[in-house]
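In: Sequence and predicted structure are below.
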Amino acid sequence: MRAADITLSSKTYLLYYKRDLPGSSTQQFAPLYEYLSADAGQLGGTPFSFHFYGWGRQDLQDATGSGKTSGELGSAYLQYLHPTGNGEMRLGRFFLTEGAAFEIMDGIFLKARTPVGLGLSVFGGVPAEATITSTKTGDSIYGGRVFFAKPGFTELGVSYLIEKGKFQGEDRKEIGGDLWLRPFGPVELIGRATYNDATRALAYQRYLLRLAPASGVDLSVGYEAYKYKDYFQTTLNPAFQFPTIDNTDRVRTVFAVLDWEVVKSVTATLGAKSIKHDTAAVGDATRGELGVKYVYNNNRDAAGVSAATVSADKDRNAYQEYRGYATYSPAKWRFALDALTQQYKQAISGVKNAYHVVGSAGYRLFEVLRLSGDLTYTKSPQFDKDYAGLVRASLFFGSGTGGKK
C-alpha cells in the first residue's frame with residue numbers, strides 16, 4: 001500500500017525566572033513545556049488524514065499553577081476531504097470554526113457543497129475546551145450552518161448553535177451570520193455577527209473593509225462591538241464576575257490601518273483605534289500609531305520603529321509607547337532584539353515608565369533541528385527589574401508519499 005504524507009513537529013521550552021512577592025520568600029520557577037503535533041495525510045493513498053496536537057508542562061522548581069504538572073490534548077481527529085473540495089468530515093477532538101461556532105469539541109463534523117455553491121454543515125458532540133477554573137462546560141453541543149459560496153467572489157452563511165447546560169437556567173443558544181465578499185480585485189468585505197438567543201440580544205458584531213487602491217497601498221477600516229453579558233457566558237467564564245468588570249458594559253471599537261510601501265522594502269504603517277464603553281467607570285480611549293519597517297537580506301530579516309499615543313478620559317488609561325526591533329540572520333544563525341517602553345500619564349503603583357526588552361539568538365543545527373534562547377528584562381508596575389530566560393528546541397520532520405511499504 002502507499003505510504004502516507006507524515007509531518008512531525010516538536011517544540012520544547014525551558015523557562016526560568018524569579019518572583020519576589022511582598023511578605024513571602026523569593027520563588028524560583030523553571031517550567032518545562034513540550035508542544036507536539038503530528039499530521040498523516042493521504043492515508044493509504046486515500047483522501048483520509050489524521051491530525052494530532054497536545055502540550056504538557058513539568059515544573060522543575062516551584063509550582064507555576066495549582067500543581068507541578070499540567071497538559072492538554074488539543075486535537076486528535078480523523079479527517080476526510082472530498083477530492084473536488086465539496087465535502088469534509090472530521091471525527092474526534094478538533095477545533096471547529098464554522099459560522100458562530102468557535103469550539104473545541106469531541107464529536108463529528110460534516111460539510112457538503114453542491115456544484116452551484118449551496119452548502120450545509122452539521123456538527124455534534126461534547127464540549128472539550130479547557131478552562132483555568134473548575135467551571136463546567138455544557139453536557140453536549142450541536143448545530144449547523146447553511147451557506148452559499150462562489151470561489152473568489154463571495155461566501156455567506158447563517159448558523160445556529162446549542163450547548164446544553166445550566167447557564168443561569170438557560171441553554172446556550174447562538175444564531176450567527178457571516179459574510180466574505182470580493183466584488184472586484186482591490187475591494188474585500190468581511191463581516192460576522194452573533195445573536196444570543198438565550199438573552200435575546202445581539203452579542204457580537206465585527207465588520208472589516210479592505211481596499212488596495214494602488215500598488216503597495218493597503219487600507220483596512222473596521223467596526224467591532226460586543227456586550228459582556230451577551231457575548232461571554234458568565235457561567236462559563238468566571239473571570240467576568242470580578243467586581244472590576246461590569247457585565248452590562250458594551251464595548252464599541254472603530255479602527256483603521258494604512259500600510260504603504262514608500263519605496264522597495266520600506267513600509268510605513270499608520271493606525272488609529274477608538275474604544276468606547278457604555279460604563280463611565282471604565283472610560284473611553286483613542287490610540288494613534290505610526291511605524292516604519294525595513295525588510296532586507298532577501299526578505300529574511302526586518303528592522304523597524306514605531307510610536308503610539310493613547311489619549312483617554314481617565315488619566316490612568318493614557319500613555320505613550322515607543323518600540324524598536326531588528327533581526328539578523330547570517331547563514332545558520334538568527335539574532336533578534338526587541339525593545340518597548342511605555343510612559344504613563346498617571347503613575348501606576350508608583351511607576352510612570354515601563355520597559356520590556358527581549359534579546360534572542362538561534363542556530364539551525366540540522367535541517368530538522370533548531371536551537372534558540374531568549375533573555376528578557378522587564379520593569380513595570382507589576383515587576384521591578386524582572387529577568388527571565390528561555391531555551392527552546394524545535395524539531396520538524398516530514399516524509400512524503402511516492403514509495404510503497
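Out: Good, I have the coordinates.

In: Let me see the ranges of the helices in the protein.
Out: All helices of the chain, identified by DSSP state H, fall at 228-231.

In: Centre-most residue in it?
Out: By CA atoms, centre = their mean, the chain has its centre lying nearest to F102, at 11.9 Å.

In: hang on, that residue packs against I141?
Out: No - look at F102 against I141 with CB atoms under 8 Å: they stay out of range, at 11.6 Å. Backbone N, C-alpha and C define where each C-beta goes, glycine included.

In: ok, now how distant is the residue nearest to the residue nearest to the centre of the chain when sequence neighbours are not counted from L118?
Out: Excluding the flanking residues, the one nearest F102 by CB to CB, 6 or more residues apart in numbering is L96, at 7.3 Å. Separation of L96 from L118 (CB to CB, to the nearest Å) stands at 21 Å.

In: ok, the two, which is more surrounded?
Out: The residue with more neighbours, out of L96 and L118, is L96; 19 against 12, by other CB atoms under 10 Å.

In: what residues are up against the more buried one?
Out: Listed by CB atoms under 8 Å, 6 or more residues apart in numbering, the contact set of L96 reads 90, 102-105, 109, 123.

In: Residues in a beta bridge with it, which ones?
Out: With DSSP bridges as the criterion, L96 is bridged to E103.

In: Let me know whether D386 touches V357 as I believe.
Out: No - if you go by CB under 8 Å, D386 and V357 don't touch, sitting 11.0 Å apart.

In: intersection of neighbour lists for the two?
Out: Residues touching both D386 and V357 (CB under 8 Å, 6+ apart): 376-378.

In: Show only the entries of those found in strands.
Out: Counting by DSSP state E, the part of those found in strands is 376-378.

In: low pLDDT regions in the stretch 251-400 of the chain?
Out: Counting by pLDDT under 70, the ranges of the stretch 251-400 of the chain that qualify are 400.

In: now the residue nearest to F102: how far from G165?
Out: Taken as CB to CB, the span from L96 to G165 is 17 Å.

In: How about V358?
Out: V358 is 41 Å from G165, by CB to CB.

In: swap in A347?
Out: Taking CB to CB, one finds A347 at 44 Å from G165.

In: between the two, who's got more neighbours?
Out: Shown here are A347 and G165; by other CB under 10 Å, G165 has more neighbours (18 against 12).

In: Let me know the pLDDT of that one.
Out: If you check G165, the pLDDT there is 80.

In: Could I get the phi/psi values of the residue lying closest to it once chain neighbours are set aside?
Out: Nearest residue to G165, sequence neighbours excluded (CB to CB, 6+ apart): G138, at 3.3 Å. Main-chain dihedrals, G138, degrees, to the nearest 10: phi -70, psi 170.

In: residues contacting G138?
Out: Residues near G138 by CB under 8 Å, 6+ apart: 127, 163-165, 167, 171-172.

In: what about 6 Å?
Out: 127, 163-165 (CB atoms under 6 Å, 6 or more residues apart in numbering).

In: and if you look at G359?
Out: Contact analysis of G359 by CB under 6 Å, 6+ apart lists 337, 375.

In: With N86 as the reference, measure out to it.
Out: Going from G359 to N86 by CB to CB gives 50 Å.

In: Give the buried residues for stretch 321-340.
Out: Within stretch 321-340, the residues that count as buried by 16 or more other CB atoms under 10 Å are 321, 323, 325-327, 329, 334, 336, 338-340.

In: Restricted to strands, list those residues.
Out: 321, 323, 325-327, 334, 336, 338-340.

In: Widest-spaced pair of these?
Out: E321 and R334 (26.0 Å; CB to CB).

In: export stretch 119-131 as PDB, just CAs?
Out: Extracted in PDB, the C-alpha atoms of stretch 119-131 (Å, rounded to 0.1, in the frame of the first residue of the first chain):
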ATOM      1  CA  GLY A 119     -23.900  24.000   1.100                       C
ATOM      2  CA  LEU A 120     -24.800  22.600   4.500                       C
ATOM      3  CA  SER A 121     -22.700  21.700   7.500                       C
ATOM      4  CA  VAL A 122     -23.700  20.000  10.800                       C
ATOM      5  CA  PHE A 123     -21.800  19.100  14.000                       C
ATOM      6  CA  GLY A 124     -22.400  17.500  17.300                       C
ATOM      7  CA  GLY A 125     -20.600  16.200  20.300                       C
ATOM      8  CA  VAL A 126     -19.300  17.200  23.800                       C
ATOM      9  CA  PRO A 127     -17.500  20.500  24.600                       C
ATOM     10  CA  ALA A 128     -13.800  19.900  25.400                       C
ATOM     11  CA  GLU A 129     -12.500  23.400  25.900                       C
ATOM     12  CA  ALA A 130     -10.100  23.600  28.800                       C
ATOM     13  CA  THR A 131     -10.700  26.400  31.400                       C
END
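
In: And that stretch, what's buried?
Out: 119, 121, 123, 125-128.

In: and the residues you listed as a markdown table, adding pLDDT?
Out: Listed next are those as a markdown table, based on pLDDT from 0 to 100:
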| residue | pLDDT |
| --- | --- |
| G119 | 97 |
| S121 | 98 |
| F123 | 97 |
| G125 | 96 |
| V126 | 94 |
| P127 | 91 |
| A128 | 88 |
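
In: Name the nearest of the residues you listed relative to G67.
Out: A128 (20.3 Å).

In: Please name the residues that touch the closest one.
Out: Taking CB under 6 Å, 6+ apart, one finds 93, 104-106 in contact with A128.

In: Turn those into TSV, including distance to V158.
Out: Formatted as TSV, these follow (distance: CB to CB, whole Å):
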residue	distance to V158
R93	26
I104	23
M105	20
D106	25
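
In: Those in strands, which ones?
Out: In this view, those that belong to strands under DSSP E are 93, 104-106.

In: Which of these ranks first by neighbour count?
Out: Busiest of the ones in strands among the contacts of A128 [other CB under 10 Å] is M105, holding 26 neighbours.

In: how much space between that residue and R93?
Out: M105 is 7 Å from R93, where distance means CB to CB.

In: Same check on Y223?
Out: Distance from Y223 to R93, by CB to CB: 35 Å.
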